[in-house]
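Peer 1: show me the folded form of this:
(2 chains)
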Amino acid sequence: MPKTSTGTKFKYKIKGLERRKFRFAMAVMIPTVILYLVLRIIPILGTFYLSLHRWNLIKPYRPFIGLQNFAKIFEDKTFGVALVNTTIFTIIVVLVSVILALLLALALKKKSRIGSFYEFAYFLPFVIPMVPVSIIWKWLYDRTYGVINFVLTSMGLKAVGWLTDPDIALYSIIIMSIWKVLGYYMVLFLVGLRNIPEQYYEAAAVDGAVGWNSFRHITFPLLKRMTLYICVIATIQAFNVFTQVYVMTTGTQGAPAAAVRVLVYEIYQNGFRYFKMGYASAQVVVLFAIVMIISLLQFKFFKTEDY
Amino acid sequence: MRNRRLLVVALTLILAFSLVSVVRARKNDKISVWIGWSQLLPVYQEAAEDFEAKTGKKVEVLAFPLREFERKLAVSVPAGNAPDIFVTSEYIIPQYIEGGYISLPPRNVSKFISKSFDPNTLKLNTFDGKIYGVPQIGIARILYWNKDLFAKAGLNAPPKDWNELLEYSKKLTTYDKNGEPVRTGISLRKFGGGSGVTEKFQIFLASAGGEILKQTSDGKWRAAYNDETGRETLKLYIDLIHKYKADSFDTKQDSEAFALGHTAMFVREFWPIPYFKENAPDLNYGTALIPGKIEGKSGTVYSSESAFVPKSSKNSKTAWEFIMFFNDDKYIKKMFEEIGWPAPRIDMDFSDVFAREPAYAVANERPEGYKYSTYPPISAADEVWTKFGERLEAAFRDPSLVDNPEGIKKVLDDAAKETNNILKENGLY
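Peer 2: Next comes the predicted model:
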């Protein structure tokens, strides 16, 4: 059999195998792609479509109104309050939780039994669902029966209206939210830190780079990708804050009105309380745009040579 | 051979058809009921069990938290997936009636409705001259007063007018060394769910003769609370909270505070009566009509909940049958006595309930000049109430409104603009 013929035959065999692999890969991927389309892409496109209509969930007449919903957002003072509150919430939660998580990860970088205990302890709040956590914190913050005020008053200090005082309520929720996510970000940083080869530090130490210099020139640059990932998910999560605000600040026992109004709560009210799906969708589009722009800025800020 | 095959195919088809018919028939015998008040679940479930025992027809009752219930209705009714029966209020139902989703009751049920219920409740539930639902509950808001705390303060009867309300509230409040209330004279609804805040404000507004909205001669609506009665009502709140510190944001609130003896008065529906019986059995309290701005001329908020059958129901006959079954004395009295939800029935004698629980007796009182303020039958009512409530929540916290009639006027005028805009958006202005 001539060599070329054998070669051609072999080549075809490979192609056939590749084709089968390709088909198999497609077959495996199709359900996921369909699910992703149905559960993600189509609803997102649907939201854009709804935002251009006066779409009441109950009323059958749903006319196209162009950008009127978006124009209304700019006149909506409640939306403005919610946007300011959510931005304050996001800035503080992202900055504080990322910095604290990094510091904790640096402290717990070396594996030890006590270190594992602390890792577990810090990670635990992240595992507990948000609703029970919010109820627990609502009790901790209770002005009359809360543990925090009990401690404060035992020390002769004045009890604080953690969730009832409009000047404090947002910050009380920020504290709780940082506590909730801190462990998760710390574990992510630990993964990043433990993947940095020790030889880099040893080589740097030979050149006299230890402490801050070692962090600045080795740790931080090599953690950039992980830091970017954490900052992006932290920002998205923070802009989507809802559950803790809903659980902790509504009800007859303490709700500081608009002081803790956040964007998703505002969207929820318009969509599911007043059934104005068109207007709520326009607000979602604005929130989507804000988060998208901030994420792109973060990508630009943390840009590395890898991508 | 061919004939045998045909026979097998035919028999298989007949069997399949029979199975489908049986399944469909079984399915058709089951009806579903949705309610937005979990407290009502035990009574509805008991009625459902009795109904099944009597008729063989199954009733599935599901209770959801109110807001979730409203969301489920909003999604399922227009989509034709609604339950066979749902119970909701006169301010939620208009949008579904407007959309053409709700059935009219059959003749026997209409006859029962017209002869069995209080005319005011029927008026409240009449849309374009038609009554679509069977009223299940009709509740007026009342004043609760703690007899022991009143006695300690040298008082022996609830306030009869606003002057007494202010005076008693001051007397009943106790303060700490910093002058902050420890036990409040009255617990006003100051926050927590916008529409509820407006509704409680509406109680005092009604007791001064005012309304949240008024209807114009052309059938449209306008904000009405930015008049003298509205300004007086907001002033009452501001005085009680900031001027006399007879109420506080920092103490326990509402029924919980009352049960714990942390407040001496509050206003609510009837449900706290069984709540106190269970959670504070030693509480020595009384119930009374809302004190008027002027003695002898007062009012309160009255609202109702009715059972409706959507047009999408495949079992509407059974649904109406169950609604009628539920209107038996046994369940109606149980709902009143054990849950605190009175039915607005004029063909039933509730004296045995009042004898066993005297706190309910006020439900039967409606002196001349006592006004019932109701929710308007419009689809935008919830948004109007909620958004006005949010503005009230902010105003209640503003101490600069003390002795500041201009400030109070501005709060209400600004809120009225927002209310009128909502009405305009909905074609109701």
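Peer 1: list the contacts for the spatially most central residue of chain A?
Peer 2: Closest residue to the average C-alpha location of chain A: A:Gln237 at 2.2 Å, with Cα atoms, centre = their mean. When the contact criterion is Cβ atoms under 8 Å, 6 or more residues apart in numbering or on different chains, the partners of A:Gln237 are A:Val181. Any C-beta I mention is one placed from the backbone N, CA and C, and that applies to glycine too.
Peer 1: following the host helix or strand of it, which helix or strand comes up?
Peer 2: Assigned by DSSP states H and E, A:Gln237 belongs to helix A:220-239. Using DSSP H and E, the helix or strand that directly follows helix A:220-239 along the chain is helix A:243-249.
Peer 1: what mean pLDDT does that next one have?
Peer 2: The average pLDDT within helix A:243-249 is 89.
Peer 1: contact partners of that helix?
Peer 2: Outside helix A:243-249, the residues that touch it by Cβ under 8 Å, 6+ apart are A:130-131, A:133-135, A:137-138, A:141, A:163, A:169, A:172-173, A:176-177, A:180, A:255-256, A:260, A:262, A:265, A:268.
Peer 1: how about 7 Å then?
Peer 2: The contact list for helix A:243-249, computed with Cβ atoms under 7 Å, 6 or more residues apart in numbering or on different chains, reads A:130-131, A:134-135, A:137-138, A:163, A:169, A:173, A:176-177, A:255-256, A:260, A:262, A:265.
Peer 1: ranges for the helices of the stretch 301-429 of chain B?
Peer 2: All helices of the stretch 301-429 of chain B, identified by DSSP state H, counting those that start in this stretch, fall at B:316-326, B:329-334, B:351-356, B:381-396, B:405-425.
Peer 1: got the domain boundaries for chain B?
Peer 2: Using automatic domain parsing, the domain parsing of chain B gives B:27-139+B:303-360, B:142-302+B:369-425.
Peer 1: next, format the ones you listed as CSV and append mean neighbour count and mean pLDDT.
Peer 2: Output for those, formatted as CSV (neighbours: other Cβ atoms under 10 Å in any protein chain shown; pLDDT from 0 to 100):
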stretch, mean neighbour count, mean pLDDT
domain B:27-139+B:303-360, 18, 93
domain B:142-302+B:369-425, 19, 94
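Peer 1: pLDDT weak spots in chain A?
Peer 2: Flagging of chain A using pLDDT under 70 yields the residue ranges A:1-14, A:251-258, A:304-307.
Peer 1: how about 50 then?
Peer 2: Applying pLDDT under 50 to chain A flags residues A:1-7, A:307.
Peer 1: hang on, the earlier thing: need the helices of the stretch 301-429 of chain B in TSV (columns: distance to B:Lys220).
Peer 2: TSV is the format used below for the helices of the stretch 301-429 of chain B (distance: least, Cβ to Cβ, whole Å):
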stretch	distance to B:Lys220
helix B:316-326	34
helix B:329-334	37
helix B:351-356	41
helix B:381-396	13
helix B:405-425	7
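Peer 1: beta partners of the most centrally placed residue in chain B?
Peer 2: With distances taken as Cα atoms, centre = their mean, the residue of chain B nearest its centroid is B:Ser303 (5.2 Å). Listed by DSSP bridges, the beta-bridge partners for B:Ser303 are B:Ile139.
Peer 1: for it, which residues are in contact?
Peer 2: Neighbouring residues of B:Ser303 by Cβ under 7 Å, 6+ apart: B:89-90, B:139, B:374-375.
Peer 1: name the helix or strand for the residue lying closest to A:Phe215 once chain neighbours are set aside, please.
Peer 2: Take A:Phe215 and drop its neighbours on the chain: the residue closest to it by Cβ to Cβ, 6 or more residues apart in numbering or on different chains is A:Leu106, 7.8 Å away. Counting by DSSP H and E, the secondary-structure element that holds A:Leu106 is helix A:77-107.
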